[in-house]
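# Structure for the following, please:
(2 chains)
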Amino acid sequence: MNSAYIASIINATLRSTTPILLAALGSAICSRVGVFNVALEAQMLIATFTSIAVNYFTGSALLSVVVGVASGALIGAIVAVLQVKYKAADMVVGTALNLLTTASTTFLLYLVFDRRGSLIDERLVSLTKINLPVIKDIPFVGRVLENLTFIDYICYIIAIALFIYLFKTVSGFRDLSVGINKTAAESLGTKATAIQMRMVILSGALCGLGGVALAMGQVIMFTENMTSGRGFIAMAAASLGMSHPLLTIVSSLFFGLCQSIGLALQNVIKSQLTTAIPYIATIIALVVFSKRNKKN
Amino acid sequence: MKKNDNGLSLVLLRGWAALRQPLIAIVFGLLIGAIIIVACGESPLMVYAEMFQKSFIKPYYLFSTLVRSTPVIICAMAVGISWRAGYINLGVEGQMITGAFISTVVALFMPGPSFLVAIVAWVLGMAAGAAYALIPAILTWKFNVSMVITTLMMNYVASYITSYFVTYPLKDTAGDGLSIQTPEIAEALRLPRLSSTTTFNAGFIIAIAVVVLILFISRKTIFGYESKMGGFNPTFAQYGGTKQVKVMMITMALAGAIACVAGNAEVFGLKYRYTDGMLSTTSYAWTGLQSALIAGLDPIGMTVVAIFLSGLQIGGSAIQRSMGIPLEIANIIQCCITLFVSVKITIRFVKKSKAAAKEGGKQA
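Residues are numbered from 1 along each chain as shown, chains lettered A, B, ... in the order given. Below is the predicted model of the structure:
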């Protein structure tokens, strides 16, 4: 295994990590304020569709990103209203929204584009690929960071920003208190419900950005149900990272690595079997780390 | 006479109380569907008339609806028993795929008299479905891993691995070889058709039998009571001496075995072979899940809702053919119904658990 191959694996890992990390951060901030958000999958999937649709009609990558993020936030807002405000059961709302988004994106794909399965078109524009001037000429590092988009960089900045906000600011401290004991936080005058709703909507926006990275990152296309369980893998990543933004980076990178290894193995093993790898890895990782948690 | 009247009105009142919320939700769901149909530039009344004509009213389509509802009803039962006991099992799809696939393989390759092959195929398939459902149960018990995530991940694992077997080693090489499917199973193993002009088959009777079995288990057995108490209030159930691990294992194994029956009804009753994606692209398990949620996990209610949702889907494909409205309109309507019901379900759950807590307090 030569260094160029390793570099390309790391590159693929970084790209696969982005959507998972963003969704995992969305999951983490929800659990930090005491909301179990199951609709991560829906928040991502809606953005993959809306971003590609806007991209198709306007040809503007920037507008696609904005609309993608907004559509994720919209699903987040629905979760916030039903689950936080009206106290509907989290599993029911989440599952119904996940299925609703799958159905509506497929519905619109057929109605608007007259397609079944997927939408690939040459008029779709990609996000600008960033190749940093000096770094791109360094042998190994240049290949590792080759052709990444701005979302691939910004997701780490968002993670750090969330860490600083939650753990180093007063308002973040107040948010965390809601997750620890909502009644106690409310008795101190914290608007707990408003904080929870705000966090769920932010989680929607983060998942939306993740969905955009998925649809306009490595490939530029929309496929029916293209998130294929990533929302739940992200949930696992957030839980492994103990809903801590910085630890979540590590766990998300692990799942990104599993996906890129799965892709790399496709030359050797049939793709049906390699595609199953990330899902099996998720279960194994949860088992391995939960055991350690218990001992502590 | 007066007493009788009171009894009747009481039954009606209770029936209305149970049905009110789902019915209101269904009306709202259909209203949202109507808005979408208007947005598509069609008349909702005409579209709905066509949808219901071609799902419930014309006999041919009514039979199609019942055929489609067969696996949905059985999946709803599998979802219902696990959720009722408090285990969020999202993996009915994977359990159904695993079980039905194993049954198909046995049916294809086991030599011997056909009744023996049939029994072994169904029993091994159900055992495989049960085993597949026990994996997340054991992981939850031993490692406290979230069942929501594991069961969902295992759907993908089952789907991809069976896809591998159907695409390569077990693929039917006869014919054009374009379809990814196994060869057909022997005629003697197929479930009999109950109508000469449609695909209506004995699978539906099996579905009804499963419903009766679930009703019996949940209302007449100790296990049914213990599993229900565990779902209501785990602490209370433990206090009453319920062995929760045992209840969890039996519940999940039962759910997995029932899920296999859903897949088998489709393989042995309708398709006569295992085709790649036949149990996942049709989203039987998810429609079953939504039936269970809409009906508040009540077995008879779930059956009615499952038939209704299957009818929506049959009607949906009819209007896609004739009116150009994508068939996913049916799925959109059913998800909206679930969402409308969801707000109410919580209120009921909260009330129940409060009541249970009160009762527990009194006993202590």
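
# Extract the CA atoms of stretch A:154-170 and return them as CSV.
Provided in CSV are the C-alpha atoms of stretch A:154-170 (Å, rounded to 0.1, in the frame of the first residue of the first chain):
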residue,chain,number,x,y,z
ILE,A,154,-16.5,24.6,7.6
CYS,A,155,-18.0,21.6,9.4
TYR,A,156,-14.9,21.4,11.7
ILE,A,157,-15.2,25.1,12.3
ILE,A,158,-18.9,24.7,13.2
ALA,A,159,-18.0,21.9,15.6
ILE,A,160,-15.4,24.0,17.4
ALA,A,161,-17.8,27.0,17.4
LEU,A,162,-20.5,24.8,19.0
PHE,A,163,-18.1,23.6,21.6
ILE,A,164,-17.1,27.2,22.5
TYR,A,165,-20.8,28.3,22.5
LEU,A,166,-22.0,25.4,24.7
PHE,A,167,-19.2,25.2,27.1
LYS,A,168,-17.6,28.6,27.3
THR,A,169,-20.5,31.1,27.1
VAL,A,170,-23.3,32.0,29.6
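
# any idea how far that stretch is from the chain center?
16 Å (CA atoms, centre = their mean, to the nearest Å).

# List the contacts of that stretch.
Contact with stretch A:154-170 is made by A:17-18, A:21-22, A:25, A:28-29, A:32, A:171-173, A:175-176, A:206, A:209-210, A:213, A:244-246, A:248-249, as judged by CB atoms under 8 Å, 6 or more residues apart in numbering or on different chains. C-beta: built from backbone N, CA, C; applies to glycine.

# Please narrow those to those residing in helices.
A:17-18, A:21-22, A:25, A:28-29, A:32, A:171-173, A:175-176, A:206, A:209-210, A:213, A:245-246, A:248-249 (DSSP state H).

# quick one, helices of the stretch 51-200 of chain B?
B:59-84, B:92-109, B:114-143, B:147-167 (DSSP state H, counting those that start in this stretch).

# tell me what the shortest one is packed against?
What it means is helix B:92-109. Packed against helix B:92-109, as judged by 3 or more CB pairs under 8 Å, 6 or more residues apart in numbering or on different chains; DSSP states H and E, are the following elements: helix B:59-84, helix B:114-143, helix B:147-167, helix B:244-266, helix B:284-294.

# hmm, stretch B:170-189 touching chain A?
No. Contact of stretch B:170-189 with chain A is not found when judged by CB under 8 Å from any CB of the partner chain; the minimum separation is 10.2 Å.

# Next, the buried residues of that stretch.
Buried residues in stretch B:170-189, defined by neighbour count with 16 or more other CB atoms under 10 Å in any protein chain shown: B:170-172, B:180-183, B:185, B:189.

# got it, and stretch A:135-146?
Quick answer for stretch A:135-146 (16+ other CB under 10 Å): A:143-146.

# can you tell me which of the residues you listed are in helices?
With helices defined by DSSP H, the entries of the buried residues of stretch A:135-146 inside them are A:143-144.

# so where's the chain uncertain?
Let's take chain A. The model of chain A has pLDDT under 70 over residues A:1, A:291-296.

# looking at chain B here, not the other one
Using pLDDT under 70, chain B drops low at B:1-7, B:241-242, B:344-364.

# Tell me how far the residue nearest to B:T251 when sequence neighbours are not counted lies from B:K246.
Among residues not flanking B:T251 along the chain, B:A85 sits closest, at 4.5 Å (CB to CB, 6 or more residues apart in numbering or on different chains). As judged by CB to CB, to the nearest Å, B:A85 and B:K246 stand 12 Å apart.

# who's more crowded, these two?
Using other CB atoms under 10 Å in any protein chain shown as the criterion, B:A85 and B:K246 rank with B:A85 on top: 28 against 11.

# Quick check: phi and psi on that one?
B:A85 adopts backbone torsions of phi -80, psi 0, taken as degrees, to the nearest 10.

# was I right about it contacting B:V247?
Yes. Contact between B:A85 and B:V247 holds when scored by CB atoms under 8 Å: they sit 6.5 Å apart.

# these two touch, right, A:L100 and B:I333?
No. At 9.9 Å, A:L100 does not count as touching B:I333 under the criterion of CB under 8 Å.

# Skipping its backbone neighbours, what lies nearest the residue minimising distance to the centre of chain B in space?
Nearest residue to the geometric centre of chain B (CA atoms, centre = their mean): B:C75, 2.1 Å. Leaving aside its sequence neighbours, B:C75 sits nearest to B:G288 (CB to CB, 6+ apart; 2.9 Å).

# residues making contact with the helix or strand hosting B:L215?
B:L215 belongs to helix B:203-220 when assigned by DSSP states H and E. Residues outside helix B:203-220 that contact it (CB under 8 Å, 6+ apart) are B:66-67, B:69-71, B:73-74, B:77, B:80-81, B:84, B:191, B:194, B:223-224, B:227-228, B:254, B:258, B:261, B:265-266, B:268-270, B:299-300, B:302-303.

# make it 7 Å
B:66, B:70, B:73-74, B:77, B:80-81, B:191, B:223-224, B:228, B:258, B:261, B:265, B:269-270, B:299, B:303 (CB atoms under 7 Å, 6 or more residues apart in numbering or on different chains).

# What of stretch A:128-138?
A:141-142, A:145-150.

# same question, stretch B:64-77
B:55-56, B:92, B:96, B:198-200, B:203-204, B:207, B:210-211, B:214, B:258-259, B:261-263, B:265-266, B:269-270, B:284-285, B:287-288, B:291-292, B:299, B:302-303, B:306-307, B:309-311, B:313-314.

# In contact with A:L14, which residues?
A:148, A:152, A:256.

# quick one: the residue nearest to the centre of chain B and chain A, what's the gap?
For B:C75, the distance to chain A (CB to the nearest CB, to the nearest Å) stands at 14 Å.

# ok, and does stretch B:159-167 reach over to chain A?
Yes. Stretch B:159-167 comes into contact with chain A (CB under 7 Å from any CB of the partner chain), by way of B:160-161, B:163-164, B:167.

# Tell me the most packed of those, by neighbour count.
Counting by other CB under 10 Å, top hit in those: B:S163 with 22 neighbours.

# ok, and for the lengthiest helix in chain B, which residues are buried?
What stands out as the longest helix in chain B, according to DSSP H, is helix B:2-39. Neighbour-count burial for helix B:2-39, counted by 16+ other CB under 10 Å, picks out B:21-22, B:25-26, B:28-30, B:32-34, B:36-37.

# what about A:N11, how many residues close to it?
18.

# same thing with B:K271?
18.

# Wait, the residue nearest to B:C75 touches B:I81, no?
No. Judged on CB atoms under 7 Å, B:G288 makes no contact with B:I81 at a distance of 11.8 Å.

# For chain A, which segments are assigned as helices?
Under the criterion DSSP H, chain A contains helices at A:3-32, A:40-58, A:61-79, A:90-113, A:139-144, A:150-168, A:170-180, A:182-187, A:192-216, A:230-240, A:245-264, A:271-275, A:277-295.

# From the contact counts, what lies against the third one?
It refers to helix A:61-79. When contacts are defined as 3 or more CB pairs under 7 Å, 6 or more residues apart in numbering or on different chains; DSSP states H and E, helix A:61-79 packs onto helix A:40-58, helix A:90-113, helix A:192-216.

# Many thanks, I have nothing further to ask.
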